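Trainee: Got a predicted structure plus its sequence, pasted below:
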Amino acid sequence: MSKPPVIWCVGGSDSSAHAGLQADLRTGQDLGCHMQSIVTCVTAQNSKVVELVEPVSVAMFDAQWQVLLDDVYPQAIKVSLLPNHELVVACSKWLEKIKRQRPEINIVFDPVMAASSETGNRLQQSEAAVDLLTLMLPYVDYITPNLLEFEALTQISAHQAVNQIAFQIIEKYGVSQVSWLLKGGHYADAAATDWWFKGERVCGFSTEKLSVHNTRGTGCTLSTALSCFLGYDYFADDAITMAKAYITGALKTGVQIGQGAGPLGRPGWPEQIENLPEILMANMRLGQPLPFPMVDVDLMGVYPVVDSIAWLELVLRQGVRMAQLRIKDTDAVGLDEQIQQAILLGKTHQAQVFINDHWEKAIKYGAYGVHLGQEDLQVADLTHIQQAGLRLGVSTHGYFEIARALAFNPSYIALGHIYPTQTKQMPSQPQGLKRLQHYVNLLKGHYPTVAIGGINCERFAAVAATGVNSVALVTAITLAEAPERVTRFLIGEFEQSKEVGNEDIS
Ligand SMILES: Cc1ncc(COP(=O)(O)OP(=O)(O)O)c(N)n1
Ligand SMILES: Cc1ncsc1CCOP(=O)(O)O
């Protein structure tokens, strides 16, 4: 069994367990992480009121860091309530040391100042806020203030155009490693949009604002979930997408415990598609509101991606019912003719033949569908493709791109690359089976899925067992000694995996 990520949480004990370290530990446990804690203070509070905050001594604080550090390095550290100036100074010293030794450890800082219980009692002495950012920002990778914390700490108005906020952050703090995640729950909008600023990059993660009562621990939970997903080595944009989906699920499952607002629920790994945020980016085209026509899922299965008519004919002759013509050279001789032949072959074999990239020619000759990558999505005329009645397949490489792809209502979503591949230079690491399984669980019943990248005969059965609707392959077929036999073998394997899947259900 693989080891869980180790996540350190630096913050205060909340006797009610609605927020604070107790909420952090539950979140991490829910996400399969091993949580370790460094207590900064003990608070006596319940769902309504904070009675007393007692900071630990610097000696006790230092001892907790040292004893953990003597034993194990974490994958990520989440820092929240630092109740006084001495502990801010001590914490920044430890972060400096850790960053010097292990710069790859992600530090997430949630600058908690007050409890969100009815009376909103202050948890941090006001002098602790002085120099807080000067001391902490050099070492943190993510800072996750809510609107009030953001304005109090930065003196930048959160009520202005996001580009203006980005500009002022840069002006004040320079371009650095720090990602600012400005949480939008306190805006008086119908949507709850969290804005991510990193240098000039600005991106919104937006969900409908939920009208729910049990909202305690929202900030703690979001930043801990973010730390956990970073601990699993997800990219920043994927980890933020997942944290936002997690918090939406947690808000929906909150429970009334005590007389004030109750704590959030713990919804498990984000696998509810409706909890994924909408992605908002400058220069990003609006979604395609009308769905693309559906593919016939029963015909998906083995999905060869080939670069010539000869290969297309070969695989269709073996009984493949979904295939793609992928000719990367825009100036290829006879490209138009090849696309026309591919479309004709698809019709002859009653197969779903997609054309990679060349969407204008695909429309012109009446293709069944086109397959586009993320960059192509920004430039292709999707409305035209949709109105012409073509299907659309979209490449994705993680949660962020999946969330972005959903705005276009595609006919299928491709998930890659699963294993190392020689066929194409990939800018990211292979995803592996576990991540594929999560994506399939997320999309099942909503969008057909395709797995691609490095899938060969040995790996095929395990990939198919995830329940993915289709397995796309290039070299497993085109470099095979006997491609006809391999294609037929894979078709048989896929059919078998469907039968096993059906047995599991019954
Ligand atoms: C089924 C399927 N999935 C992914 C891809 C890759 O498409 P894209 O990201 O556009 O990259 P290129 O194929 O253009 O290199 C695909 N072709 N098919
Ligand atoms: C086109 C493409 N897109 C993601 S991985 C890949 C190549 C898949 O080729 P192979 O099946 O040979 O690894």
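Mentor: It's in. Ligands and ions are numbered 1, 2, ... in the order given.

Trainee: Would stretch 447-462 count as contacting ligand 2?
Mentor: Yes. Stretch 447-462 comes into contact with ligand 2 (Cβ under 6 Å from any ligand atom), by way of 452-455. The way it works is simple: take the backbone N, C-alpha and C, and place the C-beta from them, glycine included.

Trainee: Alpha carbons of that stretch, in CSV - could you do that?
Mentor: The C-alpha trace of stretch 447-462 is given here as CSV (Å, rounded to 0.1, in the frame of the first residue of the first chain):
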residue,chain,number,x,y,z
TYR,A,447,-19.9,12.5,-19.9
PRO,A,448,-18.3,9.5,-21.7
THR,A,449,-14.6,9.1,-20.9
VAL,A,450,-11.6,8.1,-22.9
ALA,A,451,-8.2,7.1,-21.4
ILE,A,452,-5.1,7.7,-23.4
GLY,A,453,-1.3,7.6,-23.2
GLY,A,454,1.1,4.7,-22.9
ILE,A,455,-1.6,2.1,-22.8
ASN,A,456,-0.3,-1.3,-24.1
CYS,A,457,-1.6,-4.8,-24.1
GLU,A,458,-0.3,-5.5,-20.6
ARG,A,459,-1.8,-2.4,-19.1
PHE,A,460,-5.1,-2.5,-21.0
ALA,A,461,-7.2,-4.7,-18.6
ALA,A,462,-6.4,-2.5,-15.6
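
Trainee: That one vs ligand 1: in contact?
Mentor: Yes. Applying Cβ under 6 Å from any ligand atom, one finds stretch 447-462 in contact with ligand 1 at 450, 452.

Trainee: Within its sheet, name the partner strands of the lengthiest strand in the chain and how each one runs.
Mentor: Ranked by residue count, the top strand of the chain under DSSP state E comes out as strand 34-45. Paired with strand 34-45 in the same sheet, following DSSP bridges, are strand 6-14 (parallel), strand 50-55 (antiparallel).

Trainee: Those: which one's closest to residue 460?
Mentor: Closest to residue 460 of the strands paired with strand 34-45 is strand 6-14 (Cβ to Cβ; 34.3 Å).

Trainee: Quick check: mean pLDDT of that closest one?
Mentor: Confidence over strand 6-14 (mean pLDDT, whole number) is 97.

Trainee: Off-centre distance for the next helix or strand after that strand?
Mentor: Sequence-wise, the next helix or strand downstream of strand 6-14 (DSSP states H and E) is helix 20-30. Remark: helix 20-30 is offset 20 Å from the chain centroid, using Cα atoms, centre = their mean, to the nearest Å.

Trainee: which helices and strands does helix 20-30 pack with?
Mentor: Contact here means 3 or more Cβ pairs under 8 Å, 6 or more residues apart in numbering; DSSP states H and E; on that basis helix 20-30 packs against strand 6-14, strand 34-45, helix 218-231.

Trainee: who wins for proximity to ligand 1 among the ones you listed?
Mentor: Closest approach to ligand 1 among the helices and strands packed on helix 20-30 is made by helix 218-231 (23.5 Å; Cβ to the nearest ligand atom).

Trainee: Which neighbouring elements make contact with the closest one?
Mentor: strand 6-14, helix 20-30, strand 76-79, strand 106-109, strand 142-143, helix 236-252.

Trainee: would you put the C-alpha positions of that helix in CSV?
Mentor: Provided in CSV are the C-alpha atoms of helix 218-231 (Å, rounded to 0.1, in the frame of the first residue of the first chain):
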residue,chain,number,x,y,z
THR,A,218,-15.1,26.9,6.0
GLY,A,219,-11.7,28.8,5.8
CYS,A,220,-9.8,26.1,7.8
THR,A,221,-11.3,23.3,5.7
LEU,A,222,-10.6,24.9,2.3
SER,A,223,-6.9,25.6,3.1
THR,A,224,-6.4,22.2,4.6
ALA,A,225,-8.0,20.5,1.6
LEU,A,226,-5.7,22.6,-0.6
SER,A,227,-2.7,21.5,1.4
CYS,A,228,-3.7,17.8,1.1
PHE,A,229,-4.2,17.9,-2.6
LEU,A,230,-0.8,19.7,-3.0
GLY,A,231,0.5,16.9,-0.7
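
Trainee: Check whether stretch 478-486 comes near ligand 2.
Mentor: No. Residues of stretch 478-486 contacting ligand 2 under Cβ under 6 Å from any ligand atom: none, with a closest distance of 7.6 Å.

Trainee: Now that stretch: buried residues?
Mentor: Residues of stretch 478-486 classed as buried by neighbour count (16 or more other Cβ atoms under 10 Å): 478, 480, 483, 486.

Trainee: Need the distance between the two termini of that stretch.
Mentor: End-to-end distance of stretch 478-486 (Cα to Cα, to the nearest Å): 10 Å.

Trainee: does any bit of it sit next to ligand 1?
Mentor: No. Figure legend: stretch 478-486 not in contact with ligand 1 (Cβ under 6 Å from any ligand atom); closest approach 13.6 Å.
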